[in-house]
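Participant: got a sequence here, can you model it:
(2 chains)
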There are 2 protein chains.
Amino acid sequence: MISVVILGGGNVASHLFKALNKTEQTSVVQWYNRSINSINEFKNEVAIIDDLSQLKEADLYILAVSDDAIKSLSSQLPFKNRLVVHTSGAASLYDIDKKHKRGVFYPLQTFSKTAKIDFANVPICIEALESTDYHVLKNLAKTIGSPTKKVNTDQRKVLHLAAVFVNNFTNQLYRIAHEITESEGAEFDLLKPLILETAKKVQDLSPYMAQTGPAKRSDKKTLKKHLKLLQDTQHKDIYNLLTSSIQRTHGRKKL
Amino acid sequence: MISVVILGGGNVASHLFKALNKTEQTSVVQWYNRSINSINEFKNEVAIIDDLSQLKEADLYILAVSDDAIKSLSSQLPFKNRLVVHTSGAASLYDIDKKHKRGVFYPLQTFSKTAKIDFANVPICIEALESTDYHVLKNLAKTIGSPTKKVNTDQRKVLHLAAVFVNNFTNQLYRIAHEITESEGAEFDLLKPLILETAKKVQDLSPYMAQTGPAKRSDKKTLKKHLKLLQDTQHKDIYNLLTSSIQRTHGRKKL
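Facilitator: Sure thing, here's the model as predicted:
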């Protein structure tokens, strides 16, 4: 049995709480948040607190808070030599106060308030300074069904950056597709199966192998037609830049 | 029973043939390709030909050929007043010779040689000049389980353009993620669940609502860290441009 205290009130904290509270191999001892109101709905499931001095002993304290809050919150914790981890992709492990045993438990997934999360689809990137701490974190991930990967700081940071490309930037391409279809009264919904298939394709095939389309085959006629169709200057810029990126990727390799 | 002749030897032709040949409500009478070798493997399933003068009568002729070949192939067909359609997202309906009844049967999906396609996930965008022709095409799509949408030329062209954004450009973002993770020895595979979840999220939520991340919340510290991590100038340009696009989308609406 691993005993855990969760600190923070955002999406990662909520989803972690729900997952950890469900398994029998872990016990969520307390849930702390600066503002108790935002976790009040869980008061019948766990002891909720907004006062750090009430923190109980546990095997692990998970700081699921914003990057900027890690330093100060970890230094305010009224104990030392216990395992304290944060869940950030970008913050340094050393942002956690050195009076603690320190680690990172970074779930590489997008969390929203409403959508249910199956932690089997949430790889956890783990960093720890001590091997025993690493094993506690690995076992914790196992209890909620998550695959794990031991990473170093550089790897975690680059994964966080890559996540912005495949999540935020990709989603913005969906948004632009939404804008340009709606501008002609065409249905964005017609693109949904293609969006899903594009994501499924790279589950087995490398993105390099999966590429198709006018940019890759340098179909100048179609490229020209597309640029003519785009009304918005920034959309044109994005079209040109990503077309050129595809051509660089697929031109280079042909050499 | 709808009788069909397929013309062309690429991925769209192959997948259409397999789907149409399986259903009992359609009969693929012949499959024509300029080079018979590339469709030779199907000779036991259908009459394959490489000579247009051998074309038999059918309810429908599907030109699943490259955009540039539509004009000349359609004019070479040794008959008139029969329904001839192309499968292109970008080519004009009027590229088909005017001696025919003309239409477009554009499957909005990515087709690769190897991957199996379930036509339930392939919306067919239909254009026709006559209502009877439209119904033939709609019924044909129904036989292979595809949803259909009547579109006009502008809508079809804009859907084709939007498909480049959600398919080719998105796939290039996956590719860049692959490059930058590998450069640090991190595993691209860890991003695969996130890639899938990002695509799933917009099946129910608009891309506008689904957006998260440092660009949207103008987290300048993280944006700066990310730009510092990126080695490649073009990757930096893409990061800046898509960040600015996200901020434009989410800034505007706040006004």
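
Participant: check what pLDDT the residue nearest to A:Ile62 when sequence neighbours are not counted gets.
Facilitator: Distances taken as C-beta to C-beta, 6 or more residues apart in numbering or on different chains place A:Ile6 nearest to A:Ile62, at 5.2 Å, with adjacent residues excluded. From N, CA and C alone the C-beta is placed, and that goes for glycine too. A:Ile6 is assigned 98 on the pLDDT scale.

Participant: so what's A:Ile6 up against?
Facilitator: A:13, A:16-17, A:20, A:28, A:30-32, A:62, A:64 (C-beta atoms under 8 Å, 6 or more residues apart in numbering or on different chains).

Participant: now do the same for it: helix, strand or coil?
Facilitator: Recorded secondary structure, A:Ile6: strand (DSSP: H, G, I helix; E, B strand; the rest coil).

Participant: what about A:Gln109, distance to A:Leu159?
Facilitator: Computed as C-beta to C-beta, to the nearest Å, the A:Gln109 to A:Leu159 distance reads 11 Å.

Participant: so for the two, which sits in the more crowded spot?
Facilitator: Legend: neighbour count by other C-beta atoms under 10 Å in any protein chain shown for A:Gln109 and A:Leu159, higher for A:Leu159 (27 against 23).

Participant: and the helices in the stretch 101-250 of chain A?
Facilitator: Under the criterion DSSP state H, counting those that start in this stretch, helices of the stretch 101-250 of chain A are mapped to A:131-143, A:153-163, A:170-182, A:192-204, A:207-210, A:220-229, A:233-252.

Participant: nearest to B:Ser53, of these?
Facilitator: Closest to B:Ser53 of the helices of the stretch 101-250 of chain A is helix A:220-229 (C-beta to C-beta; 30.1 Å).

Participant: chain center to that closest one, what's the gap?
Facilitator: Distance of helix A:220-229 from its chain centroid, counting by C-alpha atoms, centre = their mean, to the nearest Å, is 36 Å.

Participant: one more: stretch A:174-183?
Facilitator: That offset, for stretch A:174-183, works out to 25 Å (C-alpha atoms, centre = their mean).

Participant: can you dump the C-alpha atoms of it in PDB for me?
Facilitator: Taking Å, rounded to 0.1, in the frame of the first residue of the first chain, the C-alpha atoms of stretch A:174-183 are listed here in PDB:
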ATOM      1  CA  TYR A 174      -7.800  21.600 -36.800                       C
ATOM      2  CA  ARG A 175      -9.000  25.000 -35.800                       C
ATOM      3  CA  ILE A 176      -7.800  26.600 -39.000                       C
ATOM      4  CA  ALA A 177      -9.500  23.800 -41.000                       C
ATOM      5  CA  HIS A 178     -12.700  24.600 -39.000                       C
ATOM      6  CA  GLU A 179     -12.400  28.300 -40.000                       C
ATOM      7  CA  ILE A 180     -11.800  27.700 -43.700                       C
ATOM      8  CA  THR A 181     -14.500  25.100 -44.100                       C
ATOM      9  CA  GLU A 182     -17.100  27.200 -42.400                       C
ATOM     10  CA  SER A 183     -16.100  30.200 -44.500                       C
END
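
Participant: ok, it near chain B or not?
Facilitator: Yes. Using C-beta under 8 Å from any C-beta of the partner chain, stretch A:174-183 reaches chain B at A:174-178, A:180-181, A:183.

Participant: stretch A:191-206 now?
Facilitator: Yes. Judged by C-beta under 8 Å from any C-beta, stretch A:191-206 comes into contact with chain B at A:191-203, A:205-206.

Participant: now those: which count as buried?
Facilitator: For the residues of stretch A:191-206 next to chain B, a burial check counting by 16 or more other C-beta atoms under 10 Å in any protein chain shown picks out A:191-202.

Participant: now those as JSON lines including pLDDT?
Facilitator: What follows is those, written out as JSON lines (pLDDT from 0 to 100):
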{"residue": "A:Leu191", "pLDDT": "98"}
{"residue": "A:Lys192", "pLDDT": "98"}
{"residue": "A:Pro193", "pLDDT": "98"}
{"residue": "A:Leu194", "pLDDT": "98"}
{"residue": "A:Ile195", "pLDDT": "98"}
{"residue": "A:Leu196", "pLDDT": "98"}
{"residue": "A:Glu197", "pLDDT": "96"}
{"residue": "A:Thr198", "pLDDT": "97"}
{"residue": "A:Ala199", "pLDDT": "98"}
{"residue": "A:Lys200", "pLDDT": "96"}
{"residue": "A:Lys201", "pLDDT": "95"}
{"residue": "A:Val202", "pLDDT": "97"}
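
Participant: kindly state the domain boundaries assigned to chain A.
Facilitator: A:2-151, A:156-252 (automatic domain parsing).

Participant: buried deepest among those, which one?
Facilitator: Mean neighbours per residue, mean count of other C-beta atoms under 10 Å in any protein chain shown, is largest over the domains of chain A for domain A:156-252, with a mean of 20.

Participant: now the farthest one out in chain A, which residue is it?
Facilitator: Residue distances from the centre of chain A (C-alpha atoms, centre = their mean) peak at A:Lys221, which lies 39.2 Å from the mean C-alpha position.

Participant: hang on, the earlier thing: what is the most widely separated pair among the contacts of A:Ile6?
Facilitator: Spanning the widest gap among the contacts of A:Ile6 are A:Leu20 and A:Tyr32, at 14.3 Å by C-beta to C-beta.

Participant: just the pLDDT at the closest residue to A:Val104 other than its chain neighbours, thanks.
Facilitator: Spatial nearest neighbour of A:Val104, excluding adjacent residues (C-beta to C-beta, 6+ apart): A:Glu127 at 3.9 Å. As predicted, A:Glu127 sits at a pLDDT of 98.

Participant: what's the answer for A:Arg252, then?
Facilitator: The per-residue pLDDT reported for A:Arg252 equals 47.

Participant: phi first, then psi, for the closest residue to A:Ser3 other than its chain neighbours.
Facilitator: The shortest distance from A:Ser3 to any non-neighbouring residue, by C-beta to C-beta, 6+ apart, is to A:Ala58 (4.3 Å). Taking degrees, to the nearest 10, you get phi -150, psi 160 for the backbone angles of A:Ala58.

Participant: pretty sure A:Ala58 sits against A:Arg82.
Facilitator: Yes. Counting by C-beta atoms under 8 Å, A:Ala58 does reach A:Arg82; the two are 7.5 Å apart.

Participant: contact partners for A:Val85?
Facilitator: A:60-63, A:96, A:102-105, A:128, A:137.

Participant: bridge partners for A:Leu60, pull those for me.
Facilitator: A:Leu60 has the following beta-bridge partners by DSSP bridges: A:Val4, A:Leu83.

Participant: any chance of the contacts of A:Val85 in CSV with distance to B:Gln54 as columns?
Facilitator: Below are the contacts of A:Val85 laid out as CSV (distance: C-beta to C-beta, whole Å):
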residue, distance to B:Gln54
A:Leu60, 75
A:Tyr61, 78
A:Ile62, 72
A:Leu63, 74
A:Ile96, 76
A:Arg102, 76
A:Gly103, 72
A:Val104, 68
A:Phe105, 68
A:Ala128, 72
A:Leu137, 69
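
Participant: and those residues, which of them are in strands?
Facilitator: Within the contacts of A:Val85, residues falling in strands by DSSP state E are A:60-63, A:102-105, A:128.

Participant: now flag whichever of those is closest to B:Asp133.
Facilitator: A:Phe105 (60.1 Å).

Participant: report the contact partners of that closest one.
Facilitator: Shown in contact with A:Phe105 (C-beta under 8 Å, 6+ apart): A:62, A:85-87, A:124, A:126, A:137, A:140-141.

Participant: what is the nearest of these to B:Lys225?
Facilitator: Among the contacts of A:Phe105, A:His86 lies closest to B:Lys225 (C-beta to C-beta), at 15.3 Å.

Participant: contacting residues around the closest residue in space to A:Glu45 that isn't next to it in sequence?
Facilitator: Of all residues not flanking A:Glu45 in the chain, A:Asn21 sits nearest, at 6.1 Å (C-beta to C-beta, 6+ apart). Taking C-beta under 8 Å, 6+ apart as the criterion, A:Asn21 is in contact with A:28, A:45-46.

Participant: okay then, goodbye and thanks.
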